[in-house]
Each structure stands twice: as structure tokens, then as C-alpha cells.
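Undergrad: Sequence below, structure please.
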Amino acid sequence: MSTLTSVSTASPVTQTLTRPPRSLWRDAGQRLLSNRLAQLGMVIVVFFTFMALFVPIFFPYNPRVDSDLIAQLKPPSLEHPMGTDEQGRDVMRRIAHGAQASLGVGVGAVLIAVLIGTTIGLISGYVGRSLDLGLMFAMDVLLSFPGLLLAIAVVALIGPGLRNSLLAISIVSIPIYARIARATVLSLKQQEYVTAAHAVGAKGGRILFRHIFPNSLSPILVTATLGIAAAILETAALGFLGLGQQPPFPEWGAMLADSVKYLTSGAWWVLLFPGLMIMLTVLGFNLLGDGLRDALDPRLRSG
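TA: All right, here's what the predicted structure looks like:
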């Protein structure tokens, strides 16, 4: 009886040794989903993403004909839950449709910046020498300018508009991801698996994009998630200055600019709700980015 018991029962040490190790991404995903603040951030991000993607499809809106001067500056009511603006337009409807412009520019600008900046950083860090010096000098020149001022200068140069705002914000963000990718490559290319790849005759491009790039994704993903929040703020700032989405099409920053002059007259709702949407969106991406940073921290990984 004792013999059967000893055979069927494995010690905790044996179970630990025989258990297959969990992957980094699976382990990080479990920690991310167990983070309450990250969960809140994901809910906010999913809500506004759903709004930006599906509201324009299921509830079409033509801002050129949406005007009712009889109903201008009406406070929140059952008919207009967020009130109306100076032209009698429903604030809630314009906010829902403005999410596509605000989130679209923020996410699109970060995607472009990540693609270009990461490529520059990977090549610069891996090749080194004069190429590294020249590329990083160009990135340092861009970083020497305040981001928002540089974006304003680019938009002022090429003209206002939503696409030009996206281009300006992406140009401003490229050096950030180039620097992060370069620093990661410099630390990874000295690792044993890279040396082994060189020893078996693997070419530089294969080593860079097959072995080094996948291991450099963690800091880039975290920075990109947090960067979307900054890009949304920059989009709103350009819209507030009249350099972003042009009227009559809705955009949160432009809605803020149009409503400031009515604040002293008691029409608080035309300023409150667009500003609240910007704050909640930025908060959601910041919470998600912080949770992703904690989840991908190797020091917190369980064995």
C-alpha cells in the first residue's frame, strides 16, 4: 500500500521540474488581465474604439445639414442628453462621430511612427558606425524641438487638415521609437543566441528581424500604447488651434475651440462633454499602457 502511494504521488519539486515553462506573452497576458486598473483601461479603450468604428456605420451623420438655430445652446435633456451647441447641433451625436477623427489620428500616427521609427532604430543599432551616427543625429535634431510646436510648424507648412495632422504627429513621434529600438538592439546583439546565429552563418537581416526584433517588442509596445494617449492630446490641440479637422466635420479639439466663448454665458455642456471624452480616452490608454508595462516586466514574471 505504501509502495503504491509513493509511486502515484509526485513531490512539488518534481512537478515544478516537469511542468512546461509558460511563454512570456502568455504570462504577461495573465498578469495584464488580473490588473484592475488595466482592466478599466481596456474597457475605456474598447468602448471608444467601438464608438469610432461602428457609430458612423450604423448612424450616418451629415454635419453640413445638421443645424437647427431654434434649438441652439439647449441644456441637456431627454431629447438631447448632452445638450446642443451654438448651431443647434446635438452634442452627443457630434462627439460620437468625432471619436473617429480623434482616435483615428492618434492611433494612425503612432502606427506610422512605430513602423518607421522602429525600422530606423533597428538598422541604426545593428549596423552601427557612420550610419548609426548619421541617423541618430537626425533623430536628435527632431527631439530638440518641443513635440507640439514641431507638429504645429509642420501643419502650418503643409496646410491644415486631418491627414496633415496625422502626418505631423507621426513625424514628431518617430525619434522616440527610433531611440528605444536602437537602445534595445545594442543590448540584445551581444546576447549568446545572436552570437550563435552568427556562428552558424545566418545573415544580418535574418538575425535582425528573426532574432533581435521579436525580443525588442516589449518596450516598443508599452511606449506605443502610452504614445497613443499623447497623440490624441496633440490631435485635440491641433484641432483647438484650427489646424486639424476643418468645420463642419466634428472633432473633439475643434469642438472645444468652438465652445470656449460660450462658457461665460452658462452653456457649460458644450465645453464639458468634449473635454470629458478627451480626458477619458487619454486615461484609458494610460491605464492600459501602465498595466502592459507591469505585465511585460521580466522581474515580475513568475517561474
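Undergrad: now for the helix or strand containing Ser187, which elements pack on it?
TA: Per DSSP states H and E, Ser187 falls inside helix 162-188. Packing contacts for helix 162-188, counted by 3 or more Cβ pairs under 8 Å, 6 or more residues apart in numbering; DSSP states H and E, involve helix 91-127, helix 129-143, helix 147-158, helix 217-240. C-beta coordinates here come from the backbone N, C-alpha and C atoms, glycine included.
Undergrad: can you pull the alpha-carbon coordinates of the helix or strand just after it into PDB?
TA: On the C-terminal side of helix 162-188, the nearest following helix or strand under DSSP H and E is helix 192-199. The C-alpha trace of helix 192-199 is given here as PDB (Å, rounded to 0.1, in the frame of the first residue of the first chain):
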ATOM      1  CA  GLU A 192      24.600  34.400 -26.800                       C
ATOM      2  CA  TYR A 193      21.800  33.500 -29.200                       C
ATOM      3  CA  VAL A 194      22.900  36.300 -31.600                       C
ATOM      4  CA  THR A 195      26.500  35.100 -31.400                       C
ATOM      5  CA  ALA A 196      25.300  31.500 -32.100                       C
ATOM      6  CA  ALA A 197      23.300  32.700 -35.100                       C
ATOM      7  CA  HIS A 198      26.500  34.500 -36.400                       C
ATOM      8  CA  ALA A 199      28.500  31.300 -35.800                       C
END
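Undergrad: List of residues touching helix 192-199?
TA: 188, 206-207, 211-212 (Cβ atoms under 8 Å, 6 or more residues apart in numbering).
Undergrad: Buried subset of these as a ChimeraX selection?
TA: What follows is the ChimeraX syntax selecting those of the contacts of helix 192-199 that are buried according to 16 or more other Cβ atoms under 10 Å:
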select :188,207,211,212
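Undergrad: Just the ones of the contacts of helix 192-199 in helices?
TA: Secondary structure assignment by DSSP state H places 188, 206 of these in helices.
Undergrad: And the contacts of helix 192-199, which two are furthest apart?
TA: Pairwise distances across those (Cβ to Cβ) peak at 14.6 Å, for the pair Leu188 and Arg206.
Undergrad: if I pick the residue positioned nearest the centre of the chain, what's in contact with it?
TA: The residue lying closest to the centre of the chain (Cα atoms, centre = their mean) is Ile228, at 2.5 Å. Counting by Cβ under 8 Å, 6+ apart, Ile228 makes contact with 106-107, 110, 285.
Undergrad: any idea how far the residue lying closest to Leu122 once chain neighbours are set aside is from Leu217?
TA: Computed as Cβ to Cβ, 6 or more residues apart in numbering, the closest residue to Leu122 that is not its neighbour in sequence is Ala181, at 5.2 Å. Distance, Ala181 to Leu217, by Cβ to Cβ, to the nearest Å: 10 Å.
Undergrad: Those two - which one has more neighbours?
TA: Ala181 (28 against 15; other Cβ atoms under 10 Å).
Undergrad: what about Phe145, how many neighbours?
TA: Using other Cβ under 10 Å, Phe145 is surrounded by 13 other residues.
Undergrad: what's the answer for Asp132, then?
TA: With neighbours defined by other Cβ under 10 Å, the count for Asp132 comes to 18.
Undergrad: swap in Gly275?
TA: For Gly275, the tally of surrounding residues (other Cβ under 10 Å) stands at 16.
Undergrad: Now do the buried residues in the host helix or strand of it.
TA: Gly275 is part of helix 269-295 when elements are defined by DSSP H and E. In terms of neighbour count (16+ other Cβ under 10 Å), helix 269-295 has its buried residues at 269-275, 277-278, 281-282, 284-295.
Undergrad: same check, this time on stretch 189-207
TA: Going by neighbour count (16+ other Cβ under 10 Å), the buried part of stretch 189-207 is 189, 194, 197, 207.
Undergrad: so where's this protein uncertain?
TA: 1-24, 298-303 (pLDDT under 70).
Undergrad: repeat that with 50
TA: Where the chain drops to pLDDT under 50, the residues are 1-8, 10, 12-18, 20, 302-303.
Undergrad: So which bits of stretch 157-168 are buried?
TA: Under 16+ other Cβ under 10 Å, the buried positions of stretch 157-168 are 160, 162, 164-168.
Undergrad: First residue to last residue on that stretch, what's the distance there?
TA: Between the start and the finish of stretch 157-168 there is a gap of 10 Å, counting by Cα to Cα, to the nearest Å.
Undergrad: Touching that stretch from outside, list them.
TA: Around stretch 157-168, the neighbours that count as contacts under Cβ under 8 Å, 6+ apart are 101, 104-105, 108-109, 112, 150-152, 154-155, 235, 238-239, 242-246, 251.
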